[in-house]
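Chemist: Sequence unavailable; structure follows:
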């Protein structure tokens with residue numbers, strides 16, 4: 001009987017050790033799979049202060065600066081994105097969302113190349129009142145955020 005209890009204890013230790021190894025392996029595989037899927041959000045002021053490492057994919061958001069939207073040869077579009085504190089030049093090749101325009105909120109995913117943010121994806125707000133929370137927070141921090149509801153009505157919205 002004493003030998004049987006020792007065998008059960010040994011089997012239990014083996015199962016716990018195998019489960020721990022499986023958990024560590026699964027965590028490592030998830031981390032490896034997500035290495036390119038995690039994009040940090042930065043404001044134009046943060047990019048101007050400390051440029052991200054070369055080749056790092058990140059998101060930048062703010063307002064499309066008035067008078068900077070230029071449609072180039074083919075599908076290439078250039079513009080500046082600003083948060084009121086700094087402006088970052090952006091180049092994008094592709095079709096822009098319908099609601100994209102000067103003075104409008106946007107979020108772009110891409111990388112910095114020679115001082116220009118080369119966007120692989122551009123997102124514009126969903127309607128005339130939507131703006132991503134990160135962009136609103138960045139604009140409020142710079143003191144340039146204007147609530148679209150108050151701007152349209154000239155007064156505070158009522159509930």
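Modeler: Great, that's in hand. Treat the numbers as computed from the prediction; the structure is a model and nothing was measured.
Chemist: what pairs with the residue most central in space within the chain across the strands?
Modeler: In the chain, the centroid-proximal residue (C-alpha atoms, centre = their mean) is residue 59; its distance is 3.5 Å. Following DSSP bridges, residue 59 is listed with bridge partners residue 41, residue 109.
Chemist: cool, residue 121 as well?
Modeler: residue 109.
Chemist: What is the neighbour count of it?
Modeler: 12 (other C-beta atoms under 10 Å). For glycine as for every other residue, the C-beta is placed from the backbone atoms N, C-alpha and C.
Chemist: Kindly report the same for residue 122.
Modeler: 21.
Chemist: can you tell me how far the residue lying closest to it once chain neighbours are set aside sits from residue 143?
Modeler: What sits nearest to residue 122 in space, not counting adjacent residues and going by C-beta to C-beta, 6 or more residues apart in numbering, is residue 108, at 5.0 Å. Plainly put, residue 108 is 23 Å away from residue 143 if you go by C-beta to C-beta, to the nearest Å.
Chemist: The two: which is more packed in?
Modeler: The neighbour comparison of residue 108 against residue 143 (other C-beta under 10 Å) goes to residue 108, with 23 against 8.
Chemist: ok, that one - contacts?
Modeler: Residues near residue 108 by C-beta atoms under 8 Å, 6 or more residues apart in numbering: 59, 60, 61, 81, 90, 92, 117, 119, 121, 122, 123.
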